[in-house]
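**Q** Got a predicted structure here, sequence first:
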Amino acid sequence: MFSTRLPSIPVRADAEIVDGRTTMAASGDASLYVAAPEQRPLGSGETHLQLKVAGDGTETVVELDADALQQLVDAIEEARESHEPVSETFDPADYDDVQEALEAAPDGYDIEGIIDHFDPVLGESEENEEVPADV
């Protein structure tokens, strides 16, 4: 016995059945249902997850054992990671000089911070006494 775990997910489905010389095709809006068996524990070869796509006049059921489920999880994670925005932190240390760093800096980045990265003692003497920067 399977129980549906999530509400149905609206999807677009295309199906084609080829039997010898005859081909039948159907496409249109459908619903994706995700269900898992109620009984636990499961052996690795038993169905761990069931995916059902149901639309007008069509229904397809895919049953996944432990290995197939893990492959699906890995594929979904890979797809998800490839579509996530890259949020790299801007680091002036990645650049050889101030000009390169200033050109690559994202809008709103603290320009003083970039300059300080390349010359952190600007405005200080050797004895750590502050001196005016215009000296």
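**A** Received it, and whenever you're ready, just let me know what you need.
**Q** Now do the buried residues in the helix ranked longest in the chain.
**A** Counting residues, the longest helix found in the chain (DSSP state H) is helix 66-83. Under the neighbour-count criterion of 16 or more other C-beta atoms under 10 Å, helix 66-83 has residue 69 buried. Yep, even glycine has a C-beta here, placed from its N, CA and C like the rest.
**Q** State the next helix or strand along the chain beyond the worst-scoring helix or strand of the chain on mean pLDDT.
**A** Least confident helix or strand, the chain: strand 2-4 with a mean of 74, by mean pLDDT, DSSP states H and E. Scanning forward in sequence from strand 2-4 by DSSP states H and E, the next helix or strand is strand 9-19.
**Q** how close does residue 94 sit to residue 19?
**A** 59 Å (C-beta to C-beta, to the nearest Å).
**Q** Compare these two and say which is more crowded by neighbours.
**A** Neighbours around residue 94 and residue 19, counted as other C-beta atoms under 10 Å, are more numerous at residue 94. The numbers are 11 against 7.
**Q** any idea of the pLDDT on that one?
**A** Model confidence at residue 94, given as pLDDT, is 81.
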